[in-house]
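Trainee: need the 3D shape of this:
(one chain, ligands or ions: 2)
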Amino acid sequence: MKAIVKQYPKEGLWLQDVPCPKPGPNEVLIKVRKAAICGTDLHIYQWDSWAQKTLKTPLVIGHEFMGEVAELGSAVHSLKVGQRVSGEGHITCGKCRNCRTGTQHLCAHTQGTGIQRHGCFAEFFTLPAENVYPLSDAIDDELGAICDPFGNAVHTALSFDLVGEDILITGAGPIGLMAAAVAKRCGARNVVITDINPHRLQLAKKLGCCTAALDANDLNLKKELHALGINDGIAVGMEMSGSPAALADMLDAMQPNGKVALLGILAPSTKVDWDLIVFKGLHLKGIYGREMFRTWDQMQRLLEGGLDIGGIITHHYPYEEFEKGFAAMATGESGKVILEWS
Ligand code: NAD
Ligand code: ZN
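Mentor: Ligands and ions are numbered 1, 2, ... in the order given. Sure thing, here's the model as predicted:
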């Protein structure tokens with residue numbers, strides 16, 4: 001079968017013929033129809049320091065997908081061949097304390113699909129049956145392929161009470177934009193989003209779920225918030241850029257007793273004004289992945305209820321043209337980029 005492989009420990013990815021995997025007893029073989037490129041895949045392509053210390057080559061990469069069940073492991077009875085599915089790419093151990101006490105997404109031994117085990121940028125790949133998530137008819141193939149990042153957005157957005165509140169999202173990347181759509185749908189009063197990339201700000205305006213999409217370059221955030229009638233400060237912040245400057249702006253804009261969810265991956269050197277956190281009594285929550293499988297249930301129901309996030313997908317390429325997809329991601333002039341496998 002064809003697969004996009006991190007074959008060598010250097011920049012680039014290679015389209016190769018590799019053996020089709022066999023599902024283990026508790027696994028499912030999935031025939032991939034659509035896969036989406038994540039920022040993580042771009043890090044792997046560019047072979048940055050994180051990728052160098054995390055990946056062992058050769059590896060089939062990719063973790064955002066939808067497809068159909070092609071074959072069931074001998075012990076799998078809960079799924080059917082031909083069923084449309086997406087799935088959770090974090091494989092957990094099932095034995096550690098978090099796995100056994102309802103916080104499986106924080107498993108101490110998580111293995112990432114397309115990071116520590118072969119991923120979905122291939123005609124076929126395997127996933128443990130418990131990670132496979134059947135898609136209802138309300139979720140088309142396109143949306144099925146972006147369940148993973150949509151789940152990040154839903155997990156973050158639903159971490160704190162949003163109803164009637166003023167929300168700030170820093171970073172209008174695909175996840176920030178989807179979180180904005182969720183926040184608005186779930187009853188936020190104002191959803192303000194910031195970015196430094198004009199294409200992303202334009203996409204935010206086009207999606208229509210934000211009160212304002214503000215350019216974070218030379219931004220006087222407090223002044224802009226006052227101009228929008230947000231005089232008490234921000235009740236719920238979602239940091240989705242990984243930018244230290246964005247985090248600093250956010251902490252400054254928070255109201256006392258405000259809640260901050262941190263999804264963006266901040267450099268270890270990021271400095272924080274602790275006074276803002278301590279004296280405003282802020283609540284900080286780190287967000288990793290998706291709750292298993294509460295977030296999956298929530299995202300399916302949000303989509304079934306009419307939440308529209310389709311506008312977030314901006315590019316499609318056949319998998320043979322994956323280089324174009326990665327180039328679109330690298331420019332930042334894209335939302336989600338889909339690779340077609342069927
Ligand atoms: P992305 O890189 O596409 O989007 C980040 C956006 O932040 C970009 O549009 C960028 O222009 C913008 N940005 C940069 N500096 C900024 C600033 N000072 N102010 C405002 N915006 C700024 O990423 P994404 O795929 O949307 O993911 C969002 C973040 O979440 C990334 O940091 C990613 O690494 C992280 N992530 C975390 C998890 C997790 O489980 N915690 C999972 C997936 C992604
Ligand atoms: Zn575990």
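Trainee: give me the phi and psi angles of residue 248.
Mentor: phi -60, psi -40 (degrees, to the nearest 10).
Trainee: how close does it get to residue 265?
Mentor: 16 Å (C-beta to C-beta, to the nearest Å). Using the backbone N, CA and C atoms, a C-beta is placed for each residue, glycine as well.
Trainee: look at the two and report which has more neighbours.
Mentor: More crowded of residue 248 and residue 265, by other C-beta atoms under 10 Å: residue 248, with 17 against 13.
Trainee: distance-wise, check that one relative to residue 309.
Mentor: Residue 248 is 29 Å from residue 309, by C-beta to C-beta.
Trainee: cool, and residue 293?
Mentor: With C-beta to C-beta as the criterion, residue 293 and residue 309 are 19 Å apart.
Trainee: around ligand 2, pick out the residues from the stretch 51-200 of the chain.
Mentor: 92, 93, 96, 99, 107 (C-beta under 5 Å from the ion).
Trainee: between residue 293 and residue 309, who's got more neighbours?
Mentor: Higher neighbour count among residue 293 and residue 309: residue 309, with 27 against 16, using other C-beta under 10 Å.
Trainee: quick one on the thing from earlier: mind putting the residues of the stretch 51-200 of the chain next to ligand 2 into a markdown table with pLDDT, secondary structure and neighbour count?
Mentor: What follows is these, written out as a markdown table (pLDDT from 0 to 100; DSSP: H, G, I helix; E, B strand; the rest coil; neighbours: other C-beta atoms under 10 Å):
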| residue | pLDDT | secondary structure | neighbour count |
| --- | --- | --- | --- |
| 92 | 98 | coil | 22 |
| 93 | 97 | coil | 14 |
| 96 | 98 | coil | 16 |
| 99 | 98 | helix | 19 |
| 107 | 98 | coil | 22 |
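Trainee: and these, which two are the farthest apart?
Mentor: The span of these, defined through C-beta to C-beta, is set by 92 and 96 at 7.9 Å.
Trainee: can you pull the residues that touch both of these two?
Mentor: 107, 109 (C-beta atoms under 8 Å, 6 or more residues apart in numbering).
Trainee: ok, the single nearest residue of the stretch 201-342 of the chain relative to ligand 2 - contacts?
Mentor: Scanning the stretch 201-342 of the chain for proximity to ligand 2 using C-beta to the ion identifies residue 292 as nearest, at 10.4 Å. Listed by C-beta under 8 Å, 6+ apart, the contact set of residue 292 reads 88, 90, 92, 104, 105.
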